[in-house]
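J.: sequence below, structure please.
(one chain, ligands or ions: 1)
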Amino acid sequence: MFETIFARARRKSPWVLHFDCGSCNGCDIEVIACLTPVYDVERFGIINVGNPMHADVLLVTGTVNHRNKKVLRNLYEQMPSPRVVVAIGSCGLTGGIFRESYNVVGGVDKVIPVDVYVPGCPARPEAIIDGVMLGLKKLGEAKPCGNR
Ligand code: SF4
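T.: Next up is the predicted model:
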């Protein structure tokens, strides 16, 4: 019974954590725009948090490189299950324009599992919101399975 209540609460008021792997800031600004009154994601109950232990959804922008891949993995592992990962922008999907650089690992899915891919350079706020809503559908279907 409690699991049903928790699952419903997660879907109705998901908490998101944003991590920038090393973008040009174009996609970060679009993520921040989603939190402003113009796009107002709080109308969907979405709240931005700074602690991965409180987050249901991880939004990742930018190219993963050899320096930040451990940080990304660490954040992901601290999030309680079920959790959703949304990769945002060409850089988050494939490494984008930086993909052939010497220190670049590639897209987010080279390090952690990705549930939703939001393309664009930068990704538009509407597409990011759509991606989060798609992720919530997956969150609703997922079964809780411990913290890892
Ligand atoms: S996808 Fe484009 S806008 Fe987004 S971080 Fe990469 S270069 Fe910048």
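J.: residue of the chain nearest the ligand, please.
T.: Nearest residue of the chain to the ligand (CB to the nearest ligand atom) works out as residue 26 at 2.6 Å. C-betas here are computed from N, CA, C, even on glycine.
J.: what residues does this structure put near the ligand?
T.: Residues of the chain lying near the ligand by CB under 6 Å from any ligand atom: 23-24, 26-27, 61-62, 89-91, 96-97, 121-122.
J.: which of those has the most neighbours?
T.: Taking other CB atoms under 10 Å as the neighbour criterion, residue 91 ranks highest of those with 31 neighbours.
J.: would you agree that residue is in contact with residue 63?
T.: Yes: the criterion here is CB atoms under 8 Å, and residue 91 meets it with residue 63 at 4.3 Å.
J.: OK, contacts around the residue of the chain closest to the ligand?
T.: By CB atoms under 8 Å, 6 or more residues apart in numbering, the contact list for residue 26 reads 89, 121, 122.
J.: do residue 83 as well
T.: Taking CB under 8 Å, 6+ apart, we find residue 83 in contact with 55, 56, 57, 58, 76, 139.
J.: pLDDT added to these, as TSV?
T.: Shown next, in TSV, are the contacts of residue 83 (pLDDT from 0 to 100):
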residue	pLDDT
55	95
56	93
57	95
58	97
76	98
139	78
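J.: go ahead and flag the most central residue of the chain.
T.: The centre of the chain sits closest to residue 59, judged by CA atoms, centre = their mean, with a distance of 1.8 Å.
J.: which residue sits closest to that residue, ignoring its sequence neighbours?
T.: Computed as CB to CB, 6 or more residues apart in numbering, the closest residue to residue 59 that is not its neighbour in sequence is residue 18, at 4.6 Å.
J.: and for residue 69, the neighbour number?
T.: Residues near residue 69, counting by other CB under 10 Å: 17.
J.: what's the answer for residue 49, then?
T.: So residue 49, with other CB under 10 Å, has 14 neighbours.
J.: same check on residue 126?
T.: 11.
J.: and it, how far is that from residue 82?
T.: 25 Å (CB to CB, to the nearest Å).
J.: go on, residue 129?
T.: 20 Å.
J.: next, the contact list for the residue nearest to residue 59, please.
T.: The contact partners of residue 18, by CB under 8 Å, 6+ apart, come to 28, 31, 48, 59, 60, 61.
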